[in-house]
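In: Would you be able to build a 3D model of this:
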Amino acid sequence: IISFENVAVRLQGKLILRDIDWDILKDQSWVIFGANGSGKSTLVKAIFGGVDICKGKIIYNFGKKLQNFCSEEIKNKIGYVSFELHQNILIQEDLLNVVRNYAGKDVETKAIDVIWSAANPPTPFVKGAFKKIVKTLKIKSLVNKNFVSLSSGQARKVLIARALMKEPKVLILDEPFDSLDEKSRKDLMKIIDKLIGERINIILVAHRFEEISEKIGNVLLMKEGRVV
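Out: Next up, the predicted model:
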């Protein structure tokens, strides 16, 4: 469904990825493993156009004609969750709160608002899928809470729900265990295993062995911007 052909990425004048060849097949789940700075996050961002490639091409085949560029249609088939995304939303909320206070408005962004923000405009699928997603992730008690008040583990579940609202073909979890306590890590691992069981293509970025689900059958090892 996704093929990398001799892909390279340069950021701020530095070559971060080089000579990447990689095929992701339907119903496959992968862990991208390697030390910090090995290029893991850059690799998965390239999948949804989060970084520009300077060499090679990425080919997408989601059941229609092949495409060698990440169009909006392709982006909508790829979910993405990361610690960085969580931090960015918190920063946006801080800015919004400044505006709200200035305008004299006492408004909170609830977890349900964050979840639904991925479904604009709402489609018949997401209207019917919301309850299933909430049940799968066991977050019914969280949806009406203020997003910024959630713990890191709770917020990570909400962001996964947000990604699933797009009905993604591929779900990228970029180091999702970062900053989580032991219980939250175990809860998240169960969610990942359950999603794999529902035949969602999971791509998990990790740098610790204990973060690798036993249900993930494929490992891509990165070192210094290359697949080794």
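In: Which single helix of this protein contains the most residues?
Out: helix 83-103 (DSSP state H).
In: Which other helices and strands does that one contact?
Out: Under the contact criterion of 3 or more Cβ pairs under 8 Å, 6 or more residues apart in numbering; DSSP states H and E, helix 83-103 touches helix 152-164, strand 170-174. C-betas here are computed from N, CA, C, even on glycine.
In: list the buried ones in the helix or strand that the shortest one is followed by?
Out: Counting by DSSP states H and E, the element after strand 170-174 in chain order, helix or strand, is helix 182-197. Within helix 182-197, the residues that count as buried by 16 or more other Cβ atoms under 10 Å are 184, 185, 187, 188, 189, 191, 192, 195, 196.
In: about what we covered before: for the following helix or strand past the longest helix of the chain, C-alpha coordinates in CSV please.
Out: Downstream of helix 83-103, the first helix or strand assigned by DSSP H and E is helix 111-116. What follows is helix 111-116 as a C-alpha-only set of coordinates in CSV (Å, rounded to 0.1, in the frame of the first residue of the first chain):
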residue,chain,number,x,y,z
ALA,A,111,-11.6,15.9,24.8
ILE,A,112,-14.6,15.4,22.5
ASP,A,113,-13.8,18.6,20.6
VAL,A,114,-10.2,17.3,20.0
ILE,A,115,-11.6,13.9,18.8
TRP,A,116,-14.1,15.5,16.4
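In: Show the average pLDDT along helix 111-116.
Out: Averaged across helix 111-116, pLDDT comes to 91.
In: Which residues does the helix or strand following that helix contact?
Out: Following helix 111-116 in sequence order, the next helix or strand is helix 124-137 (DSSP H and E). The set of residues external to helix 124-137 that reach it, using Cβ atoms under 8 Å, 6 or more residues apart in numbering, is 115-116, 119, 140, 143, 157, 160-161, 164-167, 191, 194-195, 198.
In: Could you list which residues are in contact with residue 204?
Out: By Cβ under 8 Å, 6+ apart, residue 204 lies in contact with 29, 30, 31, 32, 173, 176, 192, 211, 212, 213, 216.
In: helices and strands of the protein: which one bottoms out on pLDDT?
Out: Among the helices and strands of the chain, helix 124-137 carries the lowest confidence by mean pLDDT, DSSP states H and E, at a mean of 80.
In: Which residues in that helix does the neighbour count mark as buried?
Out: Quick answer for helix 124-137 (16+ other Cβ under 10 Å): 126, 129, 130, 133, 134, 136, 137.
In: Stretch 102-121 too?
Out: 109, 110, 111, 112, 113, 114, 115, 116, 118, 119.
In: Between those, which sits nearest residue 84?
Out: residue 114 (15.4 Å; Cβ to Cβ).
In: Now that closest one. Nearest residue, chain neighbours left out?
Out: Leaving aside its sequence neighbours, residue 114 sits nearest to residue 147 (Cβ to Cβ, 6 or more residues apart in numbering; 5.2 Å).
In: so what's that neighbour scoring on pLDDT?
Out: Residue 147 is given a pLDDT of 93.
In: picking up where we left off before, dump the buried residues of helix 182-197 to a markdown table, plus pLDDT.
Out: Converted to a markdown table, those look like this (pLDDT from 0 to 100):
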| residue | pLDDT |
| --- | --- |
| 184 | 88 |
| 185 | 89 |
| 187 | 90 |
| 188 | 91 |
| 189 | 92 |
| 191 | 91 |
| 192 | 92 |
| 195 | 90 |
| 196 | 89 |
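In: Thanks a lot, catch you later.
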